[in-house]
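# fold the following for me, if possible:
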Amino acid sequence: MVKTFLSVGFTHHVVIVNSIKDFDIRWFYLKIAANRFWSVSVLKKQIKERAHEKINPKHHNFELTIPEKSIKDNALNAFKDEMLLDFINLEDEDEEPDERVLEKEIVQNIKHFIMALGPDFSFIGNQFRLIIEGEEFFIDLVFFNRTLQSLIAIELKKGKFKGEYLGKMNLYLTGLDEYVKKVT
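Numbering: from 1, shown residues only. The predicted structure is shown next:
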């Protein structure tokens with residue numbers, strides 16, 4: 001707590017105290033400014049855009065799906081608990097974006113997206129070609145995480161979750177492990 005408090009500059013504190021009355025919201029901005037090394041101008045922008053209302057904590061299900069404790073701890077530490085994707089500019093915000101439009105915006109803003117994911121990520125590619133048993137597949141986004149020493153596949157989907165998405169992702173992950181991953 002003290003380390004977080006001391007890790008941002010005096011001007012950050014002044015901006016937070018002058019802009020926000022609620023203690024919990026103040027603490028939210030203090031923690032996120034410290035963790036993400038926000039400049040004062042970025043902090044002001046995020047407060048103005050009410051980032052605390054947009055960030056959805058825990059965008060993963062690692063606690064439920066990763067059985068081995070050491071791997072689970074590494075995965076929890078590798079990914080940020082929240083992702084703020086306000087840098088993605090979509091034309092019509094009333095309509096849910098097409099997957100390709102969202103992918104294009106992420107790729108154009110790859111530095112920001114990697115920072116939103118968390119530390120130690122490297123971009124491998126988009127529409128990553130994967131051939132499994134003679135059939136060609138394309139994964140929307142592929143990253144490598146140095147902490148986990150793992151390839152990370154991201155498949156963008158529009159609309160509600162469908163069970164078939166899980167099967168497709170399992171196929172992709174198995175294919176990446178078998179055909180792409182370089183064993184050392």
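# counting neighbours, what do you get for Leu173?
Residues lying near Leu173 (other Cβ atoms under 10 Å) number 15. From N, CA and C alone the C-beta is placed, and that goes for glycine too.
# list the helices and strands the helix or strand it falls within packs on?
Assigned by DSSP states H and E, Leu173 belongs to helix 163-175. Using 3 or more Cβ pairs under 8 Å, 6 or more residues apart in numbering; DSSP states H and E, the elements in contact with helix 163-175 are strand 121-132, strand 135-145, strand 150-154.
# residue nearest the centroid of the protein?
In the chain, the residue lying closest to the centroid (Cα atoms, centre = their mean) is Leu117, at 2.8 Å.
# where does that one land on pLDDT?
According to the predicted model, the pLDDT of Leu117 comes to 79.
# if I look at it, how far off is Ala33?
Computed as Cβ to Cβ, to the nearest Å, the Leu117 to Ala33 distance reads 18 Å.
# before we move on, back to that, export the helices and strands packed on helix 163-175 to a markdown table and tack on mean pLDDT and distance to Leu6?
What follows is the helices and strands packed on helix 163-175, written out as a markdown table (pLDDT from 0 to 100; distance: least, Cβ to Cβ, whole Å):
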| stretch | mean pLDDT | distance to Leu6 |
| --- | --- | --- |
| strand 121-132 | 92 | 27 |
| strand 135-145 | 93 | 29 |
| strand 150-154 | 91 | 33 |
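# point out the most buried one among these.
strand 150-154 (a mean of 18; mean count of other Cβ atoms under 10 Å).
# that older thread, give me the contact list for the helix holding Leu173.
Residues lying outside helix 163-175 but in contact with it, judged by Cβ atoms under 8 Å, 6 or more residues apart in numbering, are Leu130, Ile132, Phe137, Ile139, Ala153, Glu155, Lys157.
# 10 Å instead?
Contacting residues not belonging to helix 163-175 are listed as 128, 130-133, 135, 137-140, 142, 150-155, 157, 162, 180-181 [Cβ atoms under 10 Å, 6 or more residues apart in numbering].
# okay, the helices and strands packed on helix 163-175 in JSON lines with distance to Gln108 next?
What follows is the helices and strands packed on helix 163-175, written out as JSON lines (distance: least, Cβ to Cβ, whole Å):
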{"stretch": "strand 121-132", "distance to Gln108": "10"}
{"stretch": "strand 135-145", "distance to Gln108": "13"}
{"stretch": "strand 150-154", "distance to Gln108": "16"}
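# nearest to Glu53 among the ones you listed would be which one?
With Cβ to Cβ as the criterion, Glu53 lies closest to strand 150-154 of the helices and strands packed on helix 163-175, at 24.5 Å.
# can you tell me what sits against that closest one?
The set of residues external to strand 150-154 that reach it, using Cβ under 10 Å, 6+ apart, is 71, 74-75, 78-79, 103, 106, 113, 117, 121-122, 124, 126, 128, 130, 139-145, 168-169, 172-173, 175-177, 180-182.
# cheers, nothing more for now.
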